[in-house]
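Colleague: this one's sequence-less:
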């Protein structure tokens, strides 16, 4: 049994059983990957994958257990590399952040600027997606830190730290009839055409649940993953924008009027997630503390110990 074989198995599983794609990621040949998988199966006397001819069609029951173990082994190999890098090259490395557009656009810039000043030799990558995609990127080891709303806390292999709470506002052009409303209620808000986040993004599920629990069906005429897109279409008079408070800027968005609606919706929480079994470099702790000052290295390690 070779470490290379475990790496091949792990990547084939990550690529949805597509050996060609796995070979491309591994910078090797498709026949080479197939051969190593075959040798591994012969050595342990078990079939990992179900096949239809040469094509992989599924994973056997013992194969799934072996793949789970292989993934853990590869994570520990990565941790070993990180330990070596931490002590040999303490100021260099790569940090990959997965987050939603709203967090990347409105909440992270200050922290990112400070981080790049403190750790100028660390390469920073930022991947954007919906909360589910963010959680999956971290859970699969494709990102070091995930920052998103509640959904990320549903993944068992992630330690999720509550960073901060936020709520919502509506935005409308100057002179809009909504501005004449007194004691704005959910029922009154639902009477207007709404432009808001896709319900898979940025606390959208909480919004839909709030309307549903009140027995209301809002007229959502357009959804987007980007608050700037929402504001653009609001400016065109296509509807009332419902978005995160943090996404409105008094100067940049002066053509729109902001109305706070935090009395209508429960607060959402932004979480920061890391894998429970990952070795965190010192600069990773540094970034976490910039996002959530209450979580310094000692606090994060204590939380990891409790969750283990």
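Modeller: It's in. For clarity, every value in this text was computed on a predicted model and none was experimentally measured.

Colleague: can you give me the buried ones in the helix or strand hosting residue 111?
Modeller: Counting by DSSP states H and E, the element that carries residue 111 is helix 109-118. Residues of helix 109-118 classed as buried: 111-112, 115 (neighbour count, 16 or more other C-beta atoms under 10 Å). C-beta coordinates here come from the backbone N, C-alpha and C atoms, glycine included.

Colleague: mind putting these into JSON lines with pLDDT and distance to residue 142?
Modeller: Converted to JSON lines, the buried residues of helix 109-118 look like this (pLDDT from 0 to 100; distance: C-beta to C-beta, whole Å):
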{"residue": "111", "pLDDT": "95", "distance to residue 142": "21"}
{"residue": "112", "pLDDT": "96", "distance to residue 142": "19"}
{"residue": "115", "pLDDT": "95", "distance to residue 142": "20"}
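
Colleague: looking at the residues you listed, spot the one nearest residue 292.
Modeller: Distances from the buried residues of helix 109-118 to residue 292 were compared by C-beta to C-beta; the smallest belongs to residue 111, at 9.6 Å.

Colleague: from residue 104, how far out is that closest one?
Modeller: Using C-beta to C-beta, to the nearest Å, one obtains 11 Å as the distance from residue 111 to residue 104.

Colleague: and what of residue 82?
Modeller: Note on residue 82: its distance to residue 104, by C-beta to C-beta, is 24 Å.

Colleague: which stretches in the stretch 201-308 of the chain count as helices?
Modeller: Listed in chain order, the helices of the stretch 201-308 of the chain (DSSP state H, counting those that start in this stretch) span 204-213, 227-235, 282-291, 297-307.

Colleague: ignore what I typed, I meant the stretch 1-150 of the chain.
Modeller: With DSSP H, counting those that start in this stretch as the definition, the stretch 1-150 of the chain shows helices at residue ranges 3-14, 19-26, 30-44, 61-88, 101-102, 109-118, 131-139.
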